[in-house]
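Enquirer: Need the 3D shape of this:
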Amino acid sequence: MRIAILGSVALPVPPPFQGGTEWIAFYQAEGLAKLGHKVILFAARGSKKGDYRLIEVGGGDTVVGSGLTAGPVTRISQVSVQVVPTSVGTLPSVNLDSGSPYSRHPLFSPFTESSRKLRLENVYLAQVIGKLIEMKDEYDLILNNMRGEAVFLPFAKSDLVQGKPFINVMHLPLFPELVKLFRVYQTHIITISNAQRKEFPGLNYLATVYNCVDTNKFTFGSGKGSDLKGIQGLTPGNTDDYLLMMGSISPHKNQAGAIRIAKRLGMKLVLAGKIGDMDYYKELQKDIDGKQICWKGELNFEEKLKLYQGALAFLFPILWEEPFGLVMIEAMSCGTPVVAFRNGAIPEVVVNGKTGFVIENNSEDQMIDAVRKIDTIKRADCRRHVENNFTVDIMVDAYDKALTKLI
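Expert: Numbering: from 1, shown residues only. This next block holds a predicted model:
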């Protein structure tokens with residue numbers, strides 16, 4: 001097959017830090033190319049070259065809260081600026097005096113309209129459409145991972161691309177207005193969990209393909225604390241038990257719930273992830289003391305791996321219909337059991353009583369009880385569950401079988 005994979009214009013593929021969709025798009029491109037397919041990957045500047053053809057489209061600079069790199073440097077677009085060091089648990093601040101190149105950057109200007117990032121991402125999506133039209137004779141189908149999928153639907157059915165199959169991977173939840181468009185254009189849909197389909201039966205579902213984790217990178221850990229050298233606020237060689245939660249700081253992720261649970265247990269909690277909602281982050285700051293409750297921002301891979309491997313348990317008290325939850329399989333790949341509220345795809349990812357605990361009714365009391373008996377979960381079982389269900393090869397093979405139905 002000749003496959004056009006639409007990766008991301010919001011972040012590079014793969015991303016330097018957070019970005020689950022971008023990692024999945026990378027594994028699709030790399031894996032399907034290894035199977036002998038001719039792959040063209042459309043992705044933002046800074047994306048990784050491989051055995052596929054890379055078409056760079058977009059700046060990779062439109063994700064809210066993203067941009068922290070390893071060390072005291074923030075990257076937005078293709079420009080670097082120094083970050084003013086601050087105390088643990090507070091936000092780094094960017095120097096925007098008149099001598100800084102960022103004083104003229106439109107995404108930092110106090111006089112830029114609040115919708116600029118959305119408008120900029122729409123420009124990038126339009127550029128992708130232009131490239132797809134220009135290259136219409138070089139691919140047989142389009143596999144889309146980009147958010148803003150609705151803008152592609154009329155175009156994909158038009159003569160501009162000769163009606164080639166367009167398959168949309170649902171990395172985010174379905175909603176009624178989008179569903180109406182999917183029905184109008186009879187869009188082929190790949191869900192990343194069966195839970196995504198629950199509210200909207202009868203669409204043109206092609207397959208459910210679970211996300212994956214690279215088990216060669218996310219390796220097994222003991223859970224007895226790890227060598228945390230280099231992670232600010234955590235003691236090198238620390239063997240104290242700690243709980244971990246990774247993900248964007250946002251109300252639907254419910255870091256506030258994780259903090260309450262850790263405090264009631266009297267345990268250390270490490271939070272990591274970009275700030276998706278600044279107002280919510282400010283509410284959490286009163287509890288982030290850098291000792292019992294730590295926030296680490298966006299981490300590089302080595303730091304994330306150490307935290308996963310050393311954590312006693314991974315908390316996931318989400319309050320929304322989670323489409324999948326990539327961080328859960330990253331944690332389990334490192335042997336860390338997951339304790340999560342039963343929302344969205346959680347029961348499809350975590351085996352209750354075997355690789356962690358699935359908590360009913362968003363009950364913090366039940367989550368506390370589960371953490372207290374976490375030593376009944378064998379870390380080797382967590383790792384084995386990932387190896388049997390969520391590897392890169394398993395995911396790529398499932399995409400290959402799904403796409404072959406259309407050729």
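
Enquirer: now residue 372: how far from residue 221?
Expert: 21 Å (CB to CB, to the nearest Å). C-betas here are computed from N, CA, C, even on glycine.

Enquirer: More neighbours: which of those two?
Expert: Shown here are residue 372 and residue 221; by other CB atoms under 10 Å, residue 221 has more neighbours (22 against 10).

Enquirer: Domain map for this protein?
Expert: Per automatic domain parsing, the structural domains of the chain span 2-62+115-212+391-404, 242-389.

Enquirer: would you list these in CSV and tack on mean pLDDT?
Expert: Below are the domains of the chain laid out as CSV (pLDDT from 0 to 100):
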stretch, mean pLDDT
domain 2-62+115-212+391-404, 94
domain 242-389, 96
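
Enquirer: Show me the helices in the stretch 101-250 of the chain, by range?
Expert: 116-134, 153-156, 176-185 (DSSP state H, counting those that start in this stretch).

Enquirer: Of those helices, which stretch is the most buried?
Expert: helix 153-156 (a mean of 18; mean count of other CB atoms under 10 Å).

Enquirer: Quick one: list the elements packing against that helix.
Expert: On a contact count with 3 or more CB pairs under 8 Å, 6 or more residues apart in numbering; DSSP states H and E, helix 153-156 meets helix 116-134, helix 176-185.

Enquirer: For residue 11, list the residues it contacts.
Expert: For residue 11, the contact set (CB atoms under 8 Å, 6 or more residues apart in numbering) comprises 19, 22, 44, 60, 63, 66.

Enquirer: between the helices of the stretch 101-250 of the chain, which one is nearest to residue 323?
Expert: With CB to CB as the criterion, residue 323 lies closest to helix 176-185 of the helices of the stretch 101-250 of the chain, at 13.3 Å.

Enquirer: Output the closest one as PDB, restricted to C-alpha atoms.
Expert: C-alpha atoms of helix 176-185 as PDB (Å, rounded to 0.1, in the frame of the first residue of the first chain):
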ATOM      1  CA  PRO A 176     -22.400  15.000  18.400                       C
ATOM      2  CA  GLU A 177     -21.500  17.700  15.900                       C
ATOM      3  CA  LEU A 178     -18.500  15.700  14.700                       C
ATOM      4  CA  VAL A 179     -20.600  12.500  14.600                       C
ATOM      5  CA  LYS A 180     -23.100  14.200  12.200                       C
ATOM      6  CA  LEU A 181     -20.300  15.000   9.800                       C
ATOM      7  CA  PHE A 182     -18.900  11.500  10.000                       C
ATOM      8  CA  ARG A 183     -22.400  10.200   9.100                       C
ATOM      9  CA  VAL A 184     -22.700  12.700   6.200                       C
ATOM     10  CA  TYR A 185     -19.300  11.700   4.700                       C
END
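
Enquirer: from the chain's centre, how far out does it sit?
Expert: Distance, stretch centre to chain centre, for helix 176-185: 25 Å (CA atoms, centre = their mean, to the nearest Å).

Enquirer: Same check on stretch 115-126?
Expert: Distance, centroid of stretch 115-126 to centroid of chain: 20 Å (CA atoms, centre = their mean).

Enquirer: next one: stretch 213-228 to chain centre, how far?
Expert: Offset of stretch 213-228 from its chain centre (CA atoms, centre = their mean): 19 Å.

Enquirer: And for that stretch, what's in contact with it?
Expert: With CB under 8 Å, 6+ apart, stretch 213-228 has contacts from 27, 234-242, 301, 305-312, 326, 329-330, 333-336, 379-380, 383, 386-387, 390-392.
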